[in-house]
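A.B. asks: predicted coordinates and the sequence they were generated for:
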Amino acid sequence: MSATLLDGKAIAARVRGEVADDVATYLAQTGHTPGLATILVGEDAASAVYVGGKQKACAEVGIRGFDHRLPADTSREDLLALIDELNANPDVSGILCQLPVPQHLDGVEITNRIAAHKDVDGLTIASAGRLALGMPGLVPCTPAGVMRLLEEAGVDPQGREAVIVGRSNLFGKPMAQLLLAANATVTICHSRTADLGEVCRRADILIAAVGVAHLVKGDWVKPGATVIDVGMNRLPGPPPTLTGDVDFAAAAEVAAAITPVPGGVGPMTIAYLLRNTLTAARMSA
Ligand code: NAP
């Protein structure tokens, strides 16, 4: 392998350390502890692990956690009432409702009930609009984490060709906005893109967020490119493994820098959730 490995685990640990210092400074200045409210509706095991990880990470940096676990049959009215209560609670700086929610609930409606200044996932229409208009606001955690990975790799997006494979509201679209704001020339690909390999070969910065294991081949990577693999695909095994959207071994022979899966983008997401919670506290103050 000739590429430099972008160690998301180590960089995320650094971000968490920075947030812990900033939380202590914020507390000293304002007498106020930032707080993150998480809402989990139902008993989905993977979602419970994610929410538990977020609460644990909060405690480690001095952010107060408000952990709301609701039964799967919680009514729309009760859930919206809880969000209204959290929106009004001055001890709660940020709110996130773990998606997906059970089928009788509308995830878009629920997410959009969160006040824009407490929207630490950056997924409300207000936050997406602010990002699109270049206004300050809360930015989705995973794309924010990717921008930090690029910075750590010494890659300035200005004037570079950036190609993002995947156009989700959660990742691909906000990622494109952030790269555009950093003056990259941005292309977004999706399932209907003609000759995906050819488009990817143009990329100085190639970002894959698809959910298809090893979709991006080694010969789709431009020599010297930076490759960011957002994909998290569980292969049944044995043994069961977690793998990305990029054929890592082949791409690492061509790229200048590449993220592994696991240990690349994943750890950055929670680190930037903590960062966003502190930003939200400052916005409320
Ligand atoms: P998503 O909402 O399912 O979007 C997937 C995107 O990939 C869609 O735009 C889809 O195109 C496109 N796509 C699917 N098959 C394709 C193909 N064969 N060729 C080209 N494009 C294709 O997924 P997501 O939420 O963005 O997540 C993507 C991956 O990133 C998943 O593995 C997820 O687990 C991972 N992820 C990781 C983190 C993290 O913290 N590490 C955070 C978020 C997501 P269409 O729009 O045309 O359908």
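C.D. replies: In hand now; what should we look at?
A.B. asks: show me where the stretch 151-285 of the chain has its helices.
C.D. replies: 172-181, 196-200, 248-251, 266-284 (DSSP state H, counting those that start in this stretch).
A.B. asks: domain map for this structure?
C.D. replies: When the chain is parsed with automatic domain parsing, its domains come out as 31-116, 141-266.
A.B. asks: hmm, the first one touching the ligand?
C.D. replies: No: counting by Cβ under 6 Å from any ligand atom, no contacts exist between domain 31-116 and the ligand, the nearest distance being 9.5 Å. C-betas here are computed from N, CA, C, even on glycine.
A.B. asks: then the longest one?
C.D. replies: Yes: contact between domain 141-266 and the ligand is present through 142, 165-168, 170-172, 189-193, 196, 209-212, 215, 230-233, 265-266 (criterion: Cβ under 6 Å from any ligand atom).
A.B. asks: spatially nearest residue to residue 66, not counting backbone neighbours?
C.D. replies: The shortest distance from residue 66 to any non-neighbouring residue, by Cβ to Cβ, 6 or more residues apart in numbering, is to residue 37 (3.9 Å).
A.B. asks: in CSV, list the helices of the stretch 151-285 of the chain along with distance to residue 3.
C.D. replies: Conversion of those to CSV gives the following (distance: least, Cβ to Cβ, whole Å):
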stretch, distance to residue 3
helix 172-181, 20
helix 196-200, 16
helix 248-251, 8
helix 266-284, 18
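A.B. asks: make JSON lines out of these and add mean pLDDT and mean neighbour count.
C.D. replies: Output for the helices of the stretch 151-285 of the chain, formatted as JSON lines (pLDDT from 0 to 100; neighbours: other Cβ atoms under 10 Å):
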{"stretch": "helix 172-181", "mean pLDDT": "98", "mean neighbour count": "21"}
{"stretch": "helix 196-200", "mean pLDDT": "98", "mean neighbour count": "17"}
{"stretch": "helix 248-251", "mean pLDDT": "98", "mean neighbour count": "19"}
{"stretch": "helix 266-284", "mean pLDDT": "97", "mean neighbour count": "24"}
